[in-house]
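Participant: Turn this into a model:
(one chain, ligands or ions: 2)
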Amino acid sequence: MRSIKEELNLKQKKILLRLDLNVPLDNERITDSTRIDKILPTIKFLLKNDTKIIILSHVGRPKGKIVNGLSLKPICENLKKKLDENIKLITKNLKEIDSNDLFSDPDEKIVILENLRFYPEEEENNNEFARHLASLADIYVNDAFSCSHRAHASIFEITKFLPSYAGLQLNLEIDALNKITSEIKRPVTCIIGGSKISSKINIIKNLIQKFDNIVIVGGMANNILRYKGFIIGKSIQEANCDQIIEEIFFLSKKNNCKIIYPEDVAVGKNLNGSAKIKNLNEISEDDLILDIGPRTIQIVKNLIEKSETILWNGPAGYFENPNFAKGSLEIVNKIVEKNKSNAIYSVAGGGDTVALINGEGVINNFDFVSTAGGAFLEYLEGKELPGIRALN
Ligand code: 3PG
Ligand code: MG
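Facilitator: Numbers count the residues shown, from 1 in each chain. Ligands and ions are numbered 1, 2, ... in the order given. Here you go, the predicted structure:
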């Protein structure tokens, strides 16, 4: 994998820079800008080397359609302020753009193309779409480690058409994760939460062989509770997961890895509602499970206490509503407490997890914070991510 820092001939080159600017948004307001802040050095490096930058990114999961709330507009505004540069958001149909649409003003140095996932071709890893994007530039740079587990057009296929390099942040993340996985101290506990059940549930099987404890909270835990015969009401869940869950429990016994899932929960009637603590056999058909309960919190804290390494991706509940933030916050506080006495090595990753930690102002009390969630877990699995393979 070649780093863009090794390319000496950059002057006046047009760079397609794939970033992951998929920041958490609340009604088009950015609630955490870590993913933007982390890539500023790359943009500054490219500006210093007198290049023209075409930024590519997705936001959310619009599934191939234009969704107004998932525009890159607020992100473009944020970048403009931080870089003190005039940055144009190009909203014209991506498939019809040609180089005349870009940098018409010679002073213009950066443009952003609107959300790649407004086009189904992006997630289909479409060859024509990738070829067309590539035709806009001279060089491709991937500085989106957190998307590199996706074989999408702007991550994978595009590298077939342009000299391709790794960005500064991508290198940093990989170096850090390599170091962590080669020097890991046991017992290792991995906490997995969040709402992307389908992306993560398959990963667990492979993590079982590497870790001592896996704590499953957030959306994925609902599938386990249902598998165990409990009513989970209107809670988010994924269809057809029972077989995978069966394998997870089978492998955990075989590999002596403990699987921990909620023993009690906090439920609400809707996302904005108040919380009620319930035992698992008390959940009703119109309940939404939105956090772990106090007994579960205690179990997780005891486990953190006994661990030498903590790897964490995905909040324990719907922390955007403070009524359901308790589980996630107690996990943060316990890790920070142990970290302050140098009694644990702690790594956290994922857009929402980082937002949570940042919101508490304790990002420096973690040994490493990755911008990546799904990619972070797949990397821990030991997989070669498609986006990294494409650069090699
Ligand atoms: C993330 O938030 O993990 C990345 O932006 C990838 O998003 P995805 O899971 O929708 O592919
Ligand atoms: Mg995310």
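
Participant: for the residue in the chain that ligand 1 sits nearest to, what are its contacts?
Facilitator: Nearest to ligand 1, among the residues of the chain, is residue 22, at 3.5 Å (CB to the nearest ligand atom). For glycine as for every other residue, the C-beta is placed from the backbone atoms N, C-alpha and C. Residues near residue 22 by CB atoms under 8 Å, 6 or more residues apart in numbering: 35, 57-60, 146-147, 351.

Participant: Now, of the residues you listed, which are buried?
Facilitator: Among those, the ones that count as buried by 16 or more other CB atoms under 10 Å are 35, 57-59, 146-147, 351.

Participant: filter these by proximity to ligand 1?
Facilitator: By CB under 6 Å from any ligand atom, the members of the buried ones among the contacts of residue 22 lying near ligand 1 are 146-147, 351.

Participant: so, if you compare these, which one comes nearest to residue 392?
Facilitator: residue 147 (16.7 Å; CB to CB).

Participant: The closest one contacts residue 58, doesn't it?
Facilitator: Yes - Residue 147 lies in contact with residue 58 (CB atoms under 8 Å); the separation is 7.3 Å.

Participant: Which neighbours do those two have in common?
Facilitator: Residues touching both residue 147 and residue 58 (CB under 8 Å, 6+ apart) are 20, 22.

Participant: that older thread, adding secondary structure, write the buried ones among the contacts of residue 22 out as TSV.
Facilitator: TSV is the format used below for the buried ones among the contacts of residue 22 (DSSP: H, G, I helix; E, B strand; the rest coil):
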residue	secondary structure
35	helix
57	coil
58	coil
59	coil
146	helix
147	helix
351	helix
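
Participant: Take those residues and write them to a markdown table, including distance to residue 342 and pLDDT.
Facilitator: Shown next, in a markdown table, are these (distance: CB to CB, whole Å; pLDDT from 0 to 100):
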| residue | distance to residue 342 | pLDDT |
| --- | --- | --- |
| 35 | 29 | 96 |
| 57 | 37 | 98 |
| 58 | 39 | 98 |
| 59 | 38 | 98 |
| 146 | 28 | 98 |
| 147 | 34 | 98 |
| 351 | 28 | 94 |
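
Participant: which one of the ones next to ligand 1 among the buried ones among the contacts of residue 22 sits closest to residue 277?
Facilitator: residue 351 (28.0 Å).

Participant: pLDDT wise, what is residue 181 at?
Facilitator: You'll see residue 181 listed with a pLDDT of 89.

Participant: Correct me if wrong: it contacts residue 376.
Facilitator: No - contact criterion CB under 8 Å: residue 181 and residue 376 do not qualify, at 11.0 Å.

Participant: the more surrounded of these two?
Facilitator: Neighbour tally, residue 181 and residue 376, criterion other CB atoms under 10 Å: the higher count belongs to residue 376, 24 against 14.
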